[in-house]
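> prediction below, plus the sequence it came from.
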Amino acid sequence: MGYQEIKLELPDVPKLKLKLLFLVHLLFISWATLGQWGDQATLIHNLMFLSCFVWSIALPQSEDSIFLCLAINILSIFLDIIILAIHYPSWTTSHTAEFSAVMGIFNLLLRLVSSYMLYEEWGQRKGVVGVTVVKNNHVEGGSVRSGSVLTHYPGHFDGKVQDSPSQYRPNLPPLPPSYSVNN
């Protein structure tokens with residue numbers, strides 16, 4: 001009698017980072033609206049942000065949804081800073097108001113991370129690739145690959161010139177003659 005091995009595999013969830021980011025924003029926003037310190041000033045732009053976030057998750061190929069979500073998120077950073085600066089609860093108010101204000105600050109800090117992730121997602125949906133710098137120390141002869149061009153510069157190329165592809169495929173038309181201009 002042996003024991004049967006049971007393996008638990010989680011299903012592959014597409015766009016898991018965006019969904020987790022949405023859930024954490026939803027949690028922080030719901031906690032930030034517990035207190036009455038902001039007079040519901042954060043409610044409108046947070047609802048717009050969450051609705052655009054759901055829209056961008058529901059339509060994974062739409063560039064407009066992710067761009068609008070990114071734009072509202074960047075605007076919300078400035079609005080949250082202004083609202084927190086004006087309406088932050090004093091020490092005499094309730095602990096619920098202080099807790100909700102701190103959650104508003106955590107949501108503000110999360111917005112910086114989510115702006116970066118939304119920008120990357122927007123670039124992926126738009127087809128833009130990030131800039132990468134590759135330093136290659138290996139140098140190979142340059143960008144000239146035509147044998148006819150190399151024959152015009154005797155002594156600069158000592159290797160064997162590669163044959164033209166028309167010799168390997170007889171149904172291709174012959175290459176036109178090369179012309180040189182002497183000034």
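Yes, it's here.
> excluding sequence neighbours, find me the nearest residue to Q36.
Closest residue to Q36 apart from its sequence neighbours, by CB to CB, 6 or more residues apart in numbering: A97 at 6.7 Å. To be clear about C-beta, it is placed using only N, CA and C from the backbone, and glycine gets the same treatment.
> so the one you found is in contact with G38, correct?
No. If you go by CB atoms under 8 Å, A97 and G38 don't touch, sitting 9.1 Å apart.
> could you point out where the chain is predicted with low confidence?
Applying pLDDT under 70 to the chain flags the ranges 1, 92-93, 128-170, 172-174, 180-181, 183.
> what's the distance between the residue nearest to the spatial centre of it and L110?
Closest residue to the average C-alpha location of the chain: E120 at 0.9 Å, with CA atoms, centre = their mean. In this view, E120 and L110 are 16 Å apart by CB to CB, to the nearest Å.
> swap in P89?
P89 is 20 Å from L110, by CB to CB.
> now swap in A41 and tell me
For A41, the distance to L110 - CB to CB - is 19 Å.
> which stretches of the chain form strands?
With DSSP state E, there are no strands along the chain.
> select the longest helix from it.
helix 95-126 (DSSP state H).
> ok, S90 - how many residues close by?
S90: 8 surrounding residues under other CB atoms under 10 Å.
> and what of K126?
Neighbour number of K126 under other CB under 10 Å is 11.
> with adjacent residues omitted, what lies nearest to it?
Leaving aside its chain neighbours, K126 sits nearest to E63 (5.4 Å; criterion: CB to CB, 6+ apart).
> now do that neighbour against Y116, distance only.
Distance from E63 to Y116, by CB to CB: 18 Å.
> what's the answer for P11, then?
According to CB to CB, P11 stands 27 Å off from Y116.
> so which of those two has more stuff around it?
For P11 versus Y116, neighbours defined as other CB under 10 Å are more numerous around Y116 (11 against 4).
> start and end of stretch 6-24, how far apart?
Start-to-end span of stretch 6-24 (CA to CA, to the nearest Å) is 32 Å.
> any residues touching that stretch, and which ones?
By CB atoms under 8 Å, 6 or more residues apart in numbering, the residues outside stretch 6-24 that reach it are L50, F53, V54, S56, I57, P60, L110, V113, S114, M117, E121.
> run the last query once more with 10 Å
49-50, 53-54, 56-57, 60, 66, 69, 106-107, 110, 113-114, 117-118, 120-121 (CB atoms under 10 Å, 6 or more residues apart in numbering).
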